[in-house]
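In: the sequence and its predicted three-dimensional model are supplied below.
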Protein chains: 2
Amino acid sequence: MHERQAPITPAQPTETPPPQTRVDNAIRAITDHIHGQSLKVGDKLPSEARFAEWLGVSRTVIREAFKSLSAMRIIEMRAGRRAQVCGFDGSVIALSLTHALRTEQINPQQMWDARRAVETRTVTLAAIRRSDAEARRLLALVAQMHDCVDDLARMTEHDIAFHVAIAEASRNPLFPVLVAALTSAMRETNPMVWRQRRDDESRQEVVRAHEAIAQAIAAGDPEAACNALARHFDLASQGLVMAGFN
Amino acid sequence: MHERQAPITPAQPTETPPPQTRVDNAIRAITDHIHGQSLKVGDKLPSEARFAEWLGVSRTVIREAFKSLSAMRIIEMRAGRRAQVCGFDGSVIALSLTHALRTEQINPQQMWDARRAVETRTVTLAAIRRSDAEARRLLALVAQMHDCVDDLARMTEHDIAFHVAIAEASRNPLFPVLVAALTSAMRETNPMVWRQRRDDESRQEVVRAHEAIAQAIAAGDPEAACNALARHFDLASQGLVMAGFN
DNA sequence: TGGAAATAACTTGTATGATAGGTCGATTGC
DNA sequence: GCAATCGACCTATCATACAAGTTATTTCCA
């Protein structure tokens, strides 16, 4: 019963590449199906049993393949319902980056530098393309930050929301996802940096940097927005050094 | 047998959030274990059976959790061996982006714009920090591109290798990963753009744009590198329009 | 005694079959 | 016509079994 199929890989002499398992094949078959049928977000997939039959493997294999794709946010599974194609979402990227940070494969500065690269673009585009509602929203978020300089957790959430809001105003759906992933990966290191700033004045300085960005975007001035962003990142970098990173 | 544990979630009245399954819990428990024990790349995890015992669930559940983490490249599994913590790798991000492109949640221009944001930074850093060996490598890659203007597949690979090499020269390990993800996600749309350039001259123009970037980096001139990159992206954008995107 | 080959213990990969419980459309009763 | 009910289908989980890969141990021979 175990040998319905030919061996997966003909025992390659090479060592490094891990041999393909049936689950791997199933994953490929499923993604190929999605692509081949041009399925779009929300479209339903065939049931696990059907795939199992098509591929000539047990449902166990299909199940693991489905779960893998579900973990990668390519499909969404719920009990009783057929799996469906999932919307794009930065959470996988965020998780990947978080893992890289936690296992010390990259450090916070490097993450900040990537943010700087991306956000230099988002603030520029936001200053050009933002709607009035978005401009108001940014200013409102900054106001909220002013109110909670003592509450690190809330501050962090507002901070993230602020940067994501800018990315949304850039009108490129890829940017909010990237920014959300890069910022939320730093949820763990951020508080350490923040704690370096003991007095209110020092913290308000950071909030004012955000305010300057919001105002420049509201004013539709890309250059001023970039400068304000640069100041923001310089402050952050300074905080990182104080916190002992690098 | 089925009810060893209390119900996972107390039936929240909210609709949208999918109820947590035992596999989800297992995934969290495993990542927590990695983090809690400060495991680093290559460190081995406890066996599936052990986790199953700890969490009081069947091996099936742990198996699906392991497979999910394996799909996200957080751990690496191979038959017979215990799973181990996996090195950071852009392939998950690439897959996520590829899926977003295929399902038309983002379009090629938006992807290119994100690349522009990131690569503007990588060429700048590369011009400053590149070693001599890296400079030579970049020039060699361009030379290889000159030789295969007729072979789209090889050209695409060299193209990706070139941009990743620049990112490596930036000395921030996050950048090669991001660039690789963004570029390889476009493996499918790239050929269409290339095909717009029928004659050799038109194709060589693109290669020359790459050459200019390599030379600016080799010369250690960040500004020239940025300008050359801008030209490269303008050509690409032009190609996209010709290919009928947007 | 040193090293290589055989072995035992453990681990992952896959299959099978069973049950609980969620979802959704069709049917029925008012 | 509408709502409650039912049934078919589907996923979530469990238990068990066995094949096949890995690793440490032990054995055996030179």
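Out: Done, it's in.

In: tell me which element residue A:192 falls in.
Out: Residue A:192 is part of helix A:190-195, with elements assigned from DSSP states H and E.

In: what is the next helix or strand after that helix packed up against?
Out: Next helix or strand after helix A:190-195 toward the C-terminus (DSSP H and E): helix A:200-218. Packing partners of helix A:200-218 (3 or more Cβ pairs under 8 Å, 6 or more residues apart in numbering or on different chains; DSSP states H and E): helix A:108-129, helix A:132-147, helix A:152-169, helix A:222-242. Just so you know, the C-beta spots here come from the backbone N, C-alpha and C atoms, and that holds for glycine as well.

In: for the third one, packing partners?
Out: Other elements packing on helix A:152-169 under the criterion 3+ Cβ pairs under 8 Å, 6+ apart are helix A:108-129, helix A:132-147, helix A:174-184, helix A:190-195, helix A:200-218.

In: so that helix versus helix A:200-218, what angle?
Out: Angle, helix A:152-169 to helix A:200-218, by axes from the mean of the first three to the mean of the last three Cα atoms, to 10 degrees: 10 degrees.

In: distance of the residue most central in space within chain A relative to chain B?
Out: In chain A, the centroid-proximal residue (Cα atoms, centre = their mean) is residue A:181; its distance is 2.3 Å. For residue A:181, the distance to chain B equals 8 Å [Cβ to the nearest Cβ, to the nearest Å].

In: for that residue, list the residues it contacts.
Out: Residue A:181 sits next to A:90, A:91, A:93, A:94, A:96, A:97 when contact means Cβ atoms under 8 Å, 6 or more residues apart in numbering or on different chains.

In: still on that earlier bit, buried sites along the helix holding residue A:192?
Out: For helix A:190-195, a neighbour-count test (16 or more other Cβ atoms under 10 Å in any protein chain shown) marks A:190, A:192, A:193, A:194 as buried.

In: relative to DNA strand D, which of these is nearest.
Out: DNA strand D lies nearest to residue A:190 out of the buried residues of helix A:190-195, by Cβ to the nearest atom of the strand, at 32.7 Å.

In: near the nearest residue to the closest one once chain neighbours are set aside, how many other residues are there?
Out: Nearest in space to residue A:190, with sequence neighbours left out and distances taken as Cβ to Cβ, 6 or more residues apart in numbering or on different chains, is residue A:156 at 5.4 Å. Neighbourhood size, residue A:156 [other Cβ atoms under 10 Å in any protein chain shown]: 19.

In: does residue A:156 touch residue A:189 like I think?
Out: No: between residue A:156 and residue A:189 there is no contact under Cβ atoms under 8 Å: 10.5 Å.

In: what helices and strands are in contact with the worst-scoring helix or strand of chain A on mean pLDDT?
Out: Across the helices and strands of chain A, mean pLDDT, DSSP states H and E gives its lowest value to helix A:190-195, namely a mean of 80. Judged by 3+ Cβ pairs under 8 Å, 6+ apart, the packing partners of helix A:190-195 are helix A:152-169, helix A:222-242.

In: tilt between the first one and helix A:108-129?
Out: In terms of direction (the same axes, to 10 degrees), helix A:152-169 departs from helix A:108-129 by 50 degrees.

In: pLDDT (mean, whole number) over stretch A:125-140?
Out: Averaged over stretch A:125-140, pLDDT sits at 96.

In: what do you get for stretch A:172-179?
Out: In this model, stretch A:172-179 carries a mean pLDDT of 96.

In: tell me which of the helices and strands packed on helix A:152-169 sits most buried.
Out: Ranked by mean neighbour count, the helices and strands packed on helix A:152-169 are led by helix A:174-184 with a mean of 24 (mean count of other Cβ atoms under 10 Å in any protein chain shown).

In: and it, how far out from the chain middle?
Out: Distance of helix A:174-184 from its chain centroid, counting by Cα atoms, centre = their mean, to the nearest Å, is 4 Å.

In: below-threshold pLDDT in chain A: ranges please.
Out: Applying pLDDT under 70 to chain A flags the ranges A:1-17, A:246.
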